[in-house]
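A.B. asks: Kindly generate the corresponding structure for this input.
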Amino acid sequence: MDLDKDFTIDERYQELLQTILDFGKDKKDRTGTGTKSIFGYTIRWDMSQGFPLLTTKRMPMKTIATELKWFLKGDTNIKYLVDNNCNIWNGDAYKRYADIECNPPHDHSLSQKEFVDKIKTDDGFAKVWGELGPIYGKQWRDWDEIGEDQIINLINDLKTNPDSRRLMVNAWNVGELDQMTLPPCHYGFQIYTKELSFHERWALYSDKPYDGNGLGMINTLDFMDDNEIPTRSISLMWNQRSVDTFLGLPFNIASYALLLKIIAHEVNMVPDQLIGNLGDVHLYKNHIEQAKEQLERDPIMLPELNIVASDILSGEFAYELLDYESHKSIKAPLSN
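C.D. replies: Numbers count the residues shown, from 1 in each chain. Take a look at the predicted model:
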């Protein structure tokens, strides 16, 4: 992908939509919907150019943040999501409940709405039927149930060995795939950091070029250290085997950008590059017209997002989203 800063994240996303429409091959899929698909695509964003929340359709930032908190807490039951009005995993849990052959034996007559209402009000029911198996959060925070907390390890390594090439978190646990309601689509991410130059650090402090500041360079370095001006930048690259380009990818971009912001806040670094390596990149056949509609829309200036507070190890964070303007949302069916 061209790194020209004149291209917004919306334009890069629209380029991908057009590529799939022009060159995608018809493929069957597990949902029975059918897709147009390409294989192998990289999308990259410079975080200094704004927070990559699409503006060519309205994006639900609160829902994106709620799901990320759920991952970071190590939770795998939809009750937390449902209680916080995040409904993106309801269909996966309901599909398991509605399966006549699924254990334990049960009355599977509830509609999906009734099912979700019961998840909210009946803790015992939620404990059994809200569970999705050892998906993302479980792998991030308790790999193989041996207490291997990849998030804690990542933060500790960033603080003690930031040049390591092992700054990775993996959700693709081969030994537990058959226990997951849905194997992870985005299956891992890697962190990369680099030292900032003196002038790069100064630019974080002041929008004016460094002119000696009346202190000299050595004293200015001490001044920046005393004021906790970051010494490193941090980038995140995620890998995704299956990409629902219309509904899922805009969500994934914003979610990993938010995660990068949170990690940067935790270790006092500056967010730099966000990179997505995408495998089977597809448009569902019942999303084609919606994609064409989005291609007709002009991007709007991106918002800014600031982390106000974070405790990544407990899965808690607070943020402020500033100046988000967008076109109206475009509804499309979810394929489960």
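A.B. asks: Please save the CA atoms from stretch 93-103 in PDB.
C.D. replies: Extracted C-alpha coordinates of stretch 93-103, given in PDB (Å, rounded to 0.1, in the frame of the first residue of the first chain):
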ATOM      1  CA  ALA A  93     -23.500 -18.000  21.100                       C
ATOM      2  CA  TYR A  94     -27.100 -18.400  19.900                       C
ATOM      3  CA  LYS A  95     -26.000 -20.700  17.100                       C
ATOM      4  CA  ARG A  96     -24.500 -23.000  19.700                       C
ATOM      5  CA  TYR A  97     -27.600 -22.900  21.800                       C
ATOM      6  CA  ALA A  98     -29.900 -23.600  18.800                       C
ATOM      7  CA  ASP A  99     -27.900 -26.700  17.900                       C
ATOM      8  CA  ILE A 100     -30.100 -29.600  18.800                       C
ATOM      9  CA  GLU A 101     -27.100 -31.900  19.300                       C
ATOM     10  CA  CYS A 102     -25.200 -29.500  21.500                       C
ATOM     11  CA  ASN A 103     -24.600 -30.600  25.100                       C
END
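A.B. asks: start at 636 instead
C.D. replies: That works, and once the first residue is 636, the last one we named lands at stretch 728-738.
A.B. asks: what comes into contact with that stretch?
C.D. replies: Contacts to stretch 728-738, defined as C-beta atoms under 8 Å, 6 or more residues apart in numbering, come from residues 713, 741, 743, 745, 747, 750-751, 754, 764-767, 816, 971. Every C-beta, even on glycine, is put in place using the N, C-alpha and C of the backbone.
A.B. asks: Repeat the analysis, applying 7 Å as the threshold.
C.D. replies: Stretch 728-738 is contacted by residues 713, 743, 747, 750, 764-765, 767, 816, 971 when judged by C-beta atoms under 7 Å, 6 or more residues apart in numbering.
A.B. asks: Of all the helices and strands in the chain, which has the lowest average confidence?
C.D. replies: Scoring the helices and strands of the chain by mean pLDDT, DSSP states H and E places helix 852-861 at the bottom, with a mean of 83.
A.B. asks: Pull out the CA atoms of it and give them to me as CSV.
C.D. replies: Taking C-alpha atoms only, helix 852-861 is exported to CSV below (Å, rounded to 0.1, in the frame of the first residue of the first chain):
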residue,chain,number,x,y,z
MET,A,852,21.4,19.9,24.3
ILE,A,853,22.5,18.0,27.4
ASN,A,854,20.4,20.0,29.7
THR,A,855,17.5,19.9,27.3
LEU,A,856,17.7,16.0,27.3
ASP,A,857,17.6,16.1,31.1
PHE,A,858,14.6,18.5,30.8
MET,A,859,12.8,16.1,28.5
ASP,A,860,13.5,13.2,30.7
ASP,A,861,12.2,15.0,33.8
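A.B. asks: How about whichever helix or strand comes after it, which residues are buried there?
C.D. replies: Following helix 852-861 in sequence order, the next helix or strand is strand 867-879 (DSSP states H and E). Within strand 867-879, the residues that qualify as buried are 867-875, 877-879, counting by 16 or more other C-beta atoms under 10 Å.
A.B. asks: Against which helices or strands is strand 867-879 packed?
C.D. replies: Counting contacts by 3 or more C-beta pairs under 7 Å, 6 or more residues apart in numbering; DSSP states H and E, strand 867-879 packs against strand 821-830, helix 883-902, strand 905-919.
A.B. asks: So for residue 649, which of the ones you listed sits nearest?
C.D. replies: Nearest to residue 649 among the helices and strands packed on strand 867-879 is helix 883-902; the distance by C-beta to C-beta comes to 11.1 Å.
A.B. asks: can you tell me how far residue 923 sits from residue 730?
C.D. replies: 24 Å (C-beta to C-beta, to the nearest Å).
A.B. asks: and those two? which has more neighbours close in?
C.D. replies: Between residue 923 and residue 730, residue 923 has the larger neighbour count (other C-beta atoms under 10 Å), namely 18 against 14.
A.B. asks: who touches the strand or helix carrying that one?
C.D. replies: When elements are assigned from DSSP H and E, residue 923 belongs to helix 923-930. With contact meaning C-beta under 7 Å, 6+ apart, helix 923-930 is reached by 649, 652-653, 656, 691-692, 881, 918, 965, 967.
A.B. asks: before we move on, what about stretch 799-808?
C.D. replies: Residues external to stretch 799-808 that are found in contact with it (C-beta under 7 Å, 6+ apart): 769, 771, 774-775, 778-779, 785-786, 789, 792-793, 819, 822-826.
A.B. asks: Give the buried residues for that stretch.
C.D. replies: Buried residues in stretch 799-808 (16+ other C-beta under 10 Å): 802-804, 806, 808.
A.B. asks: now do stretch 675-685
C.D. replies: Buried, per 16+ other C-beta under 10 Å, within stretch 675-685: 676, 678-680, 682, 685.
A.B. asks: Give me the mean pLDDT for that stretch.
C.D. replies: For stretch 675-685, mean pLDDT rounds to 97.
A.B. asks: do stretch 830-840 as well
C.D. replies: Stretch 830-840 shows a mean pLDDT of 91.
A.B. asks: Now that stretch: buried residues?
C.D. replies: Going by neighbour count (16+ other C-beta under 10 Å), the buried part of stretch 830-840 is 831, 835-838.
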